[in-house]
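**Q** Can you look at this prediction? I've put the sequence above it.
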Amino acid sequence: MCTFFLDNKMMNIKEKIRVIPDFPKPGIQFYDITTLLSDGQAFRETIDVMVQISRKYNPDLVVALESRGFFFGPAIAYQLGLPFVPIRKEGKLPYKTYKETYLLEYGSATMEIHNDNYPKDQKVLIVDDVLATGGSMAAAINLVNHFNPKEIHLLFLMELEALKGREKLSQYSIDSLITV
C-alpha cells in the first residue's frame, strides 16, 4: 500500500541498517539499527513513514515493547497526539501489573503492563523494532487483551521473513517497513 515516495524512503532506511554477521553467535545475522538511529534524517524519515502507516488504523493509543520498540512507539504516539503505553521487562514497572511469560530460544522471559488507566474498547497500535518468531509480540498481545481492545494492529520497523513470525500473528493486521 505504500506509494512510490514511501518506497524510496524505505529503501534509504534499509540502507542505514548495519548487518553484523555471526552476532551474537555464529550463523546469526544481526541487524543493528543504531546506525539508523544515529542518522537524524533517516530516523526522521523512519518515524514519518511509521506515522503515515499508523494513520490508516486510526488508533486510540500506542503501545511499544521494551526496549527497542521504545525508539519508535513514543515518537509515533507524539506525532499522532495519542497516549503511549509501555510494555516492560519484569520488575521495571512500579505499580500493579499484568504479566506474561513467553519462551525464548534458551529459556523464557516475562513482560509486564500496568493494570490500570487503559480504557477498554480502544483501537490499539503495538509497535516493535523487529518481527522475528512472533513470541514477544504474542505475549504483548496477550497483555493488551486484558483491556478488551476493539482492534489490535501491529507495526514493525523490520520483519525477518524466514522466521515466520507473521504466521503466528496472522489474525492481526501487520505492517513492516522493511523485510529481509
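**A** Perfect, thanks for sending it.
**Q** what residue ranges in this structure are flagged as low confidence?
**A** 1-11 (pLDDT under 70).
**Q** Just want the most central residue of it.
**A** What sits nearest the mean C-alpha location of the chain, by CA atoms, centre = their mean, is Asp128, with 1.3 Å.
**Q** Now that residue, what are its backbone angles?
**A** Main-chain dihedrals, Asp128, degrees, to the nearest 10: phi -150, psi 170.
**Q** same thing with the one 5 residues further on?
**A** As for Thr133, its main-chain torsions (degrees, to the nearest 10) stand at phi -80, psi -20.
**Q** give me the number of residues near it?
**A** Close neighbours of Thr133, defined as other CB atoms under 10 Å, add up to 17. Bear in mind the C-beta positions are built from the backbone N, C-alpha and C, glycine included.
**Q** Touching, it and Arg166? I think so.
**A** No. Assessed by CB atoms under 8 Å, Thr133 is found out of contact with Arg166, at 10.3 Å.
**Q** Identify each buried residue in the helix of greatest length in the chain, please.
**A** Using DSSP state H, we find that the single longest helix of the chain is helix 40-55. By neighbour count with 16 or more other CB atoms under 10 Å, helix 40-55 contains the buried residues Ala42, Phe43, Glu45, Thr46, Ile47, Val49, Met50, Val51, Ile53, Ser54.
**Q** With stretch 99-115 instead?
**A** Glu100, Tyr102, Met111, Glu112, Ile113, His114.
**Q** Over to that stretch now: how far is its first residue from its last?
**A** Counting by CA to CA, to the nearest Å, you get 9 Å between the two ends of stretch 99-115.
**Q** which residues are in contact with that stretch?
**A** Contact partners of stretch 99-115, identified using CB atoms under 8 Å, 6 or more residues apart in numbering, comprise 63, 65-66, 85-93, 95-98, 135-136, 138-140, 142-144, 146.
**Q** Show me where the protein has its strands.
**A** Along the chain, the segments classed as strands by DSSP state E run 18-21, 29-32, 61-65, 84-89, 97-104, 107-114, 123-131, 151-159, 173-179.
**Q** could the ones you listed be laid out in CSV, adding distance to Ala77?
**A** As requested, the strands of the chain are exported to CSV (distance: least, CB to CB, whole Å):
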stretch, distance to Ala77
strand 18-21, 27
strand 29-32, 24
strand 61-65, 4
strand 84-89, 4
strand 97-104, 20
strand 107-114, 15
strand 123-131, 9
strand 151-159, 12
strand 173-179, 16
